[in-house]
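1. Structure, please.
(chains A and B)
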Amino acid sequence: MTPSDLAVQDVQAARTTRRLVNDFSIQVATANGSGSQTANLVLLRSIFRMGVPVSGKNLFPSNIAGLPTWYTIRASKHGYIGRKKEIDLLVAMNPETARDDVLALEPGAAAIYDEPLRLDAVRQDLVLYPVPFDKIVASIGTEAKLRRLVKNMVYDGVLARLIDIDLEEMRKALKKQLGRKAKALALNEAALDAGFAYASEHLVKRDGLAVARMDATEGMILMEGNAAAALGCMMAGVTVVAWYPITPSSSLCETLIDYLRKYRMDPQTGRATFAVVQAEDEIAALGMVIGAGWVGARAMTSTSGPGISLMAEFTGLGYYVEVPAVIFDIQRVGPSTGLPTRTAQGDILSTAMLSHGDTRHPLLLPCSIEECYTMAIAAFDLAEQLQTPVFVMSDLDLGMNTWMSKPFEYPTAAPVRGKVLTPETLAKMGEWGRYKDVDGDAVAWRTLPLDGNPSYFARGSGHNEQAQYSERPDDFVRNLDRIGRKFETARNLVPRPEVTIDGQARIGVIAYGTSHWAVTESRDQLACEASLRTSYLRLTAYPFTADLDAFIDRHDRVYVIDQNRDAQMLGLMRLDLAVERLAKLRSVRHYNGLPIDARTITNEILAQEGRGQS
Amino acid sequence: MSTPTTPVPGKKTNRIGLEVVPYRGSKTTLCAGCGHNAISERLIDAFFEMGLDPAQVIKLSGIGCSSKSPAYFLGASHGFNAVHGRMPSVATGAVLGNRKLIAVGISGDGDTGAIGIGQFVHLMRRNLPILYVIEDNGCYGLTKGQFSPTADVGSILKNGVVNDLPPIDTCALAIMLGASFVARSFSGDKKQLLAILKAALSHKGTCMIDVLSPCVTFNDHDGSTKSYSHVKDHEEPLTDISFVPFFEDIAVDYDEGATQSVRMHDGSTLLLHKLEHDYDPTDKIRALSTLQEYGRRGEFATGVIYVEPDQDHFIDRLNLVDEPLATLPLEKVRPPRAALDEIMDGLR
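-> Model prediction:
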């Protein structure tokens, strides 16, 4: 089929297609390293700037160039920004996957494809738009290498025309992306215009997709969770950063380095108010954080599952010696190397009890980029208040994908530095022991080298209240029990869950982290499609608070949503909750590496409620 | 069984007016006659004589007999007995957190050469300001005498097992990797060890000192190349060392032909009096070849093997502010509201 054939086709077809205004998913299939990221971000941002809620998810290989990658943009007038399972419009640029990509579409979906791929021979039940990308780029007339890189910008132009994205917004978004590179900008603009012109002349719209201006994104920002967490660390006043590169966490520390270099050089001296070390491995990274925390610095590291495994020993040391540390876990798919570029919530159970012996660690569970920011700040306060390692459990979906949010607020509260002994406190206290619980909250007063207070010997071996080596059974039990009681103190310090009660609901849903977005949408699906009303509790931290008990108590059945095979959060509840509550808990799990979607949750809950469709 | 490591108390005070008492630690729990105790005593002497404030010192260690010893000196200093082989990273974080601290890391040949070799090499590479002492007895004392990676080829365990793997020369490694003060000594050589430790405390970057320190319980028998008598017989000082600290206003007369003078970063002077051979510890290639030559002969070259007094250390390279990072005030570590606004604007 040539474009001219297409142009004369009966436009009647378009009227029979379902109209989807500001409520669809576009998937762009390319090869990684082909420069598609610019085109995809321009597409995302231009829809966002038309006031339409969007989300962008990059499904990429663990590879630098040449392997398939998919970028999914969802526009949702309802504000649903979780992953949508169904693709409404495919842009098929990758010859290697084009056939499978097209075969996966639902009948009636649309596909823009590179004309030589001849996808019209594969499916006849789709709305197909062949576009001769190479010819269009050739018309821009530039060297072959650059042409390859702007080829992707052509589909942005085609999309602008086909689904009514304001071309001016695209130009602005492109300028934002490439503003400082004049030559690249000009070339990409030409490609954008050429795509738009081609579609205007040769394509007749037969799909029902359209973007129409709304005002749902006024003042909002687009950001990746890792960048948001980095910003939170800077605002929390981090001074020592030690890290080891690992997907999907690297961009957290890399962005933090950029922020620190820009905003944290001392204006008087031009010198750094921070130290960043790219360590030799994750073990050393956490060792440095613990060393820095011990002398009173705010220190953090960021990693993913394999790094968490390596950090086990030091985490136990931090727990037992009682040193603050902040650790971000940008979770990816395990076990082992697993799927480094796919998302999961697979480290919950192992991190909550990381290291040998009896250990428990506070976890913060951000669901949004805003919480990546606020919980980063909270994590430093918590770690210093509790004198223990605190983990922020993000994931690849949150950390590396682009999310919409209201802008972040400037922290007005001063950092909470916890119990660091001062001469005044010492005078009041009389006798000081490093591990002596004088306030009844199980947190003892610490001293820092050079702070003018008594010294102590921190040791991972058995010790008494005076931090002296001790193998006495009573010393050991007293100390370990006190550390255990710190978790009770933690319960009152961690953020409380977000609870939405539907007074008529017999069913409760519990989720955490990025599952939140799919759950929000799924609850609407359950209510609208199956008249099943639900209450919702979103966990924001571990240890659990009494809110969880109360929530379970008021419902007949409670579904716990986990993005892992073994229902890890449910497992943690099994360890911590009273046995009568456990009988009410059911599990919905999702662990194929893709972000969880609403339809999966809806179908699973309906099935378990005996209302599933066969 | 325990023995005191500390000398008889004296009324003498040092240049900051302290008696020796705060430089001492608790009673040692190591075996009587353990070389490590002698090293602890020399550390007490060196810190006392250099007049360094114990409150400014942090002592760090890993796991093993050696790593217990920070409890036995500088009782008034903060200490951190960390995990096996990972003291370098803890020390790095501590020094970065507060650059005013003087860090002393005590490790052993297993703690450094086996489980900790990764962190060791990267510590040396960074030239972190630290005095890093390996109490080297060629075996694992605390687990009853297994070979460590510094055991020499042909050395024999008590149970007759012969080591057939080449030893790791921690001094050669440290020099190659970028440590700027590298020495080897013997726990039984009081004078040399004290001079080296004092010189190390006047140096600005990484000081790596491998101290041969016989294990009297598991590695002091015939056939062991790390026994007291074997080391004593095979120790070959490269030079005779004397040290003149910056605060002692002494004019030193020496024969320039027979003595090399090295000006340390703090203004102290390290005097290296030539013995049989010419030896220049500022020549890196020479230092490495000398270690190889002595090693081939089954001898231990001791003394200051390599020194580079003005090499930039890790904190220089990180361009840190002068104040300790740990105690920077909020206005220095939280950018103003305008910064956040600017970042938010850029994300729209």
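
2. Just the endpoints, please. Distance across stretch A:52-71?
-> Stretch A:52-71 has an end-to-end distance of 18 Å (criterion: C-alpha to C-alpha, to the nearest Å).

3. before we move on, what about stretch B:159-178?
-> Using C-alpha to C-alpha, the end-to-end distance of stretch B:159-178 comes to 38 Å.

4. Buried residues of that stretch, list them for me.
-> B:163, B:167-178 (16 or more other C-beta atoms under 10 Å in any protein chain shown). Every C-beta, even on glycine, is put in place using the N, C-alpha and C of the backbone.

5. and the gap between residue B:188 and chain A?
-> 28 Å (C-beta to the nearest C-beta, to the nearest Å).

6. Need the three-state assignment for that residue.
-> When classified by DSSP: H, G, I helix; E, B strand; the rest coil, residue B:188 comes out as coil.

7. Look at residue A:526 and give its secondary structure.
-> Residue A:526 falls in the helix class when you classify it by three-state DSSP.

8. Helices along the stretch 451-600 of chain A, start to end?
-> With DSSP state H, counting those that start in this stretch, the ranges of helices along the stretch 451-600 of chain A come out as A:473-493, A:515-530, A:546-553, A:568-576, A:579-582, A:598-608.

9. Pick the most deeply packed of these.
-> Among the helices of the stretch 451-600 of chain A, the stretch with the highest mean neighbour count (mean count of other C-beta atoms under 10 Å in any protein chain shown) is helix A:515-530, at a mean of 21.

10. So what's the model's average confidence on that helix?
-> The average pLDDT within helix A:515-530 is 98.

11. So, low pLDDT: which residues of chain A?
-> Counting by pLDDT under 70, chain A shows low-confidence ranges at A:1-17, A:142, A:613-614.

12. got the contact list for the residue sitting nearest the centre point of it?
-> Closest to where the C-alpha atoms of chain A average out (C-alpha atoms, centre = their mean) is residue A:398, at 1.1 Å. By C-beta atoms under 8 Å, 6 or more residues apart in numbering or on different chains, residue A:398 lies in contact with A:225, A:330, A:366, A:367, A:368, A:369, A:372, A:513, A:514.

13. burial measure for residue B:182, as a count.
-> 30 (other C-beta atoms under 10 Å in any protein chain shown).

14. quick revisit: so which of the contacts of residue A:398 sit within strands?
-> Secondary structure defined by DSSP state E assigns residue A:330 of the contacts of residue A:398 to strands.

15. Any chance of a markdown table for the contacts of residue A:398, columns neighbour count?
-> Shown next, in a markdown table, are the contacts of residue A:398 (neighbours: other C-beta atoms under 10 Å in any protein chain shown):
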| residue | neighbour count |
| --- | --- |
| A:225 | 32 |
| A:330 | 31 |
| A:366 | 32 |
| A:367 | 25 |
| A:368 | 21 |
| A:369 | 30 |
| A:372 | 32 |
| A:513 | 28 |
| A:514 | 29 |
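
16. Out of the contacts of residue A:398, which is nearest to chain B?
-> Ranked by distance to chain B (C-beta to the nearest C-beta), these are led by residue A:369 at 9.6 Å.

17. in which helix or strand would I find the closest residue to residue B:204 other than its chain neighbours?
-> Leaving aside its sequence neighbours, residue B:204 sits nearest to residue B:265 (C-beta to C-beta, 6 or more residues apart in numbering or on different chains; 4.2 Å). Counting by DSSP states H and E, no helix or strand carries residue B:265.

18. What count of nearby residues applies to residue B:283?
-> 12.

19. How about residue B:154?
-> 11.

20. do the same with residue A:505
-> 20.

21. pretty sure it is touching residue A:533, no?
-> Yes - at 4.3 Å, residue A:505 and residue A:533 qualify as touching, with contact defined as C-beta atoms under 8 Å.

22. hey, where'd the strands end up in the stretch 201-350 of chain A?
-> Ranges of strands in the stretch 201-350 of chain A, per DSSP state E, counting those that start in this stretch, are A:209-210, A:221-224, A:240-243, A:275-278, A:299-303, A:325-333, A:339-343.

23. Then the stretch 51-200 of chain B?
-> According to DSSP E, counting those that start in this stretch, the stretch 51-200 of chain B carries its strands in the segments B:57-61, B:78-81, B:102-108, B:130-136, B:139-140, B:146-147, B:181-186.

24. And the third one, how far out from the chain middle?
-> Spelled out, that is strand B:102-108. Centroid separation for strand B:102-108 versus its chain: 6 Å, with C-alpha atoms, centre = their mean, to the nearest Å.

25. what packs against it?
-> Judged by 3 or more C-beta pairs under 8 Å, 6 or more residues apart in numbering or on different chains; DSSP states H and E, the packing partners of strand B:102-108 are strand B:57-61, helix B:65-68, helix B:87-97, strand B:130-136.

26. can you check the second one too?
-> With contacts defined as 3+ C-beta pairs under 8 Å, 6+ apart, strand B:78-81 has these neighbours: strand A:457-459, strand B:57-61.

27. Identify, out of these, the most deeply packed stretch.
-> Among those, strand B:57-61 has the highest mean neighbour count (mean count of other C-beta under 10 Å), at a mean of 28.

28. And chain A, is that one touching that?
-> Yes - Strand B:57-61 lies within reach of chain A by C-beta under 8 Å from any C-beta of the partner chain, at B:58, B:60.

29. From the contact counts, what lies against that strand?
-> On a contact count with 3+ C-beta pairs under 8 Å, 6+ apart, strand B:57-61 meets strand B:78-81, helix B:87-97, strand B:102-108.

30. Can you tell me the strand partners of it and which way each runs?
-> Here strand B:57-61 has these sheet partners by DSSP bridges: strand B:78-81 (parallel), strand B:102-108 (parallel).

31. What lies in contact with that strand?
-> Applying C-beta under 8 Å, 6+ apart, the contact partners of strand B:57-61 are A:291, A:295, A:449, B:47, B:67-70, B:73-74, B:77-82, B:87, B:90-91, B:94, B:101-107, B:111.

32. ok, now with 7 Å
-> Here strand B:57-61 makes contact (C-beta atoms under 7 Å, 6 or more residues apart in numbering or on different chains) with A:449, B:47, B:67, B:70, B:74, B:77-82, B:87, B:90-91, B:94, B:101-107.
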